[in-house]
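Peer 1: 3D model of this:
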Amino acid sequence: MTGVALTIAGSDSGGGAGIQADVKTFQELGVFGTSALTAVTAQNTLGVHGVWPLGPDAVRAQMEAVFADFDVSAVKTGMLFSAEIIGEVTAGLAAAGSPVLVVDPVMIAKGGAHLLREEAVEAMREKILPMATVITPNIPEAEVLAGMTIRNQQDMEEAGRRLIALGSRAVVVKGGHLEGEERACDLFMDGSGERFWLSAERIRTNDTHGTGCTFSAALTAFLAAGDPLGKAVVGAKRFIHAAISDGLGLGAGHGPTNHWAYHRAGNALKGEVLVDT
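Peer 2: Prediction:
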């Protein structure tokens with residue numbers, strides 16, 4: 001049976017992030033993608049040039065239409081923009097029976113544009129995180145949500161503990177923003193005490209637009225296909241490492257990752273990810 005995934009996120013007119021990146025990733029991993037749009041952005045590799053949020057009721061209506069007709073195996077959230085949208089999304093998820101949920105706490109675009117209102121951060125902490133199967137913050141996002149500065153891997157562990165204390169069953173703290181590291185290291189932790197590190201060679205490239213969206217979408221796709229959480233996290237790391245390694249060279253700014261690189265690369269790039277418990 002074909003797995004179905006739902007992404008609740010904003011649109012990226014440049015195609016490298018948001019709903020577009022999510023649906024491309026679902027397709028590449030053999031999962032049928034559905035969507036609920038939260039906002040339209042005028043965006044390219046040079047930055048975000050405009051944001052137009054949808055009404056919260058429109059977001060909820062899209063979710064209800066999908067849940068009414070599809071057996072959704074896993075859901076991911078990306079750009080949610082406002083406390084009002086977060087409220088409708090959490091209500092919609094609860095009405096659907098609280099499905100498997102990957103929360104990518106999108107706050108700031110690659111070029112610096114704010115994609116989550118300041119007053120919505122607390123709504124994310126209080127409403128979305130307690131519903132999450134796993135959250136996937138990068139370093140800046142983890143700092144905001146955990147209320148601390150992250151300078152090293154020990155800080156990543158403390159941030160992970162704080163985020164799980166907010167209610168999420170598991171967390172992947174992505175360490176790509178840490179300077180001076182030869183490998184990009186991410187930390188997985190869950191509420192039962194399981195933890196492991198994933199590392200891959202750091203790729204020096206400008207083709208990094210949409211990495212967070214793509215990683216969380218891959219994780220969602222693997223979960224929708226029936227993989228256990230730990231295996232899905234490793235698969236998502238391999239997917240995004242391949243996507244960054246085989247850049248497309250598009251645009252004049254931060255170019256998009258290559259969403260079809262995972263299968264084109266075969267086992268050569270997939271084997272580059274190390275797991276350390």
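Peer 1: Next, residue 233: secondary structure please.
Peer 2: helix (DSSP: H, G, I helix; E, B strand; the rest coil).
Peer 1: burial count for the closest residue to it other than its chain neighbours?
Peer 2: Closest residue to residue 233 apart from its sequence neighbours, by C-beta to C-beta, 6 or more residues apart in numbering: residue 188 at 5.2 Å. In short, each C-beta sits where N, CA and C put it, glycine included. Counted with other C-beta atoms under 10 Å, the neighbours of residue 188 add up to 23.
Peer 1: tell me the contacts of residue 188?
Peer 2: By C-beta atoms under 8 Å, 6 or more residues apart in numbering, the contact list for residue 188 reads 170, 171, 172, 194, 195, 196, 197, 198, 230, 233.
Peer 1: Check which helices and strands the host helix or strand of the third one sits against.
Peer 2: For residue 172, the host element (DSSP states H and E) is strand 170-174. Other helices and strands packing on strand 170-174, by 3 or more C-beta pairs under 8 Å, 6 or more residues apart in numbering; DSSP states H and E, are strand 134-135, helix 139-146, helix 153-165, strand 183-190, helix 211-224.
Peer 1: what's the strand or helix carrying residue 65 packed up against?
Peer 2: Using DSSP H and E, residue 65 falls within helix 56-69. Using 3+ C-beta pairs under 8 Å, 6+ apart, the elements in contact with helix 56-69 are strand 4-12, strand 32-44, helix 83-95.
Peer 1: now for those, which one comes closest to residue 240?
Peer 2: Nearest to residue 240 among those is strand 4-12 (15.8 Å), distances taken as C-beta to C-beta.
Peer 1: The closest one pairs with which strands, and in what direction?
Peer 2: Strand 4-12 pairs in its sheet with strand 32-44 (parallel), strand 74-77 (parallel), by DSSP bridges.
Peer 1: Report the angle between it and helix 56-69.
Peer 2: 150 degrees (axes from the mean of the first three to the mean of the last three C-alpha atoms, to 10 degrees).
Peer 1: moving C-terminal of strand 4-12, what's the next helix or strand?
Peer 2: Once the chain leaves strand 4-12, the next helix or strand it forms, by DSSP H and E, is helix 18-28.
Peer 1: Convert that following helix to PDB, retaining C-alpha atoms only.
Peer 2: Taking Å, rounded to 0.1, in the frame of the first residue of the first chain, the C-alpha atoms of helix 18-28 are listed here in PDB:
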ATOM      1  CA  GLY A  18       8.800  24.800   1.500                       C
ATOM      2  CA  ILE A  19       5.900  22.800   0.000                       C
ATOM      3  CA  GLN A  20       7.800  22.400  -3.300                       C
ATOM      4  CA  ALA A  21      10.800  20.800  -1.600                       C
ATOM      5  CA  ASP A  22       8.600  18.600   0.500                       C
ATOM      6  CA  VAL A  23       6.500  17.200  -2.400                       C
ATOM      7  CA  LYS A  24       9.600  16.600  -4.500                       C
ATOM      8  CA  THR A  25      11.200  14.700  -1.600                       C
ATOM      9  CA  PHE A  26       8.100  12.600  -1.000                       C
ATOM     10  CA  GLN A  27       7.900  11.700  -4.600                       C
ATOM     11  CA  GLU A  28      11.600  10.700  -4.700                       C
END
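Peer 1: Can you spell out which helices and strands pack onto it?
Peer 2: Counting by 3+ C-beta pairs under 8 Å, 6+ apart, helix 18-28 packs on strand 4-12, strand 32-44, helix 211-224.
Peer 1: any idea of the mean pLDDT in the shortest one?
Peer 2: For strand 4-12, the mean per-residue pLDDT is 98.
Peer 1: can you list contacts of stretch 84-91?
Peer 2: 8, 38, 53-54, 56-57, 59-60, 63, 77, 80, 120, 123-124, 127-128, 131.
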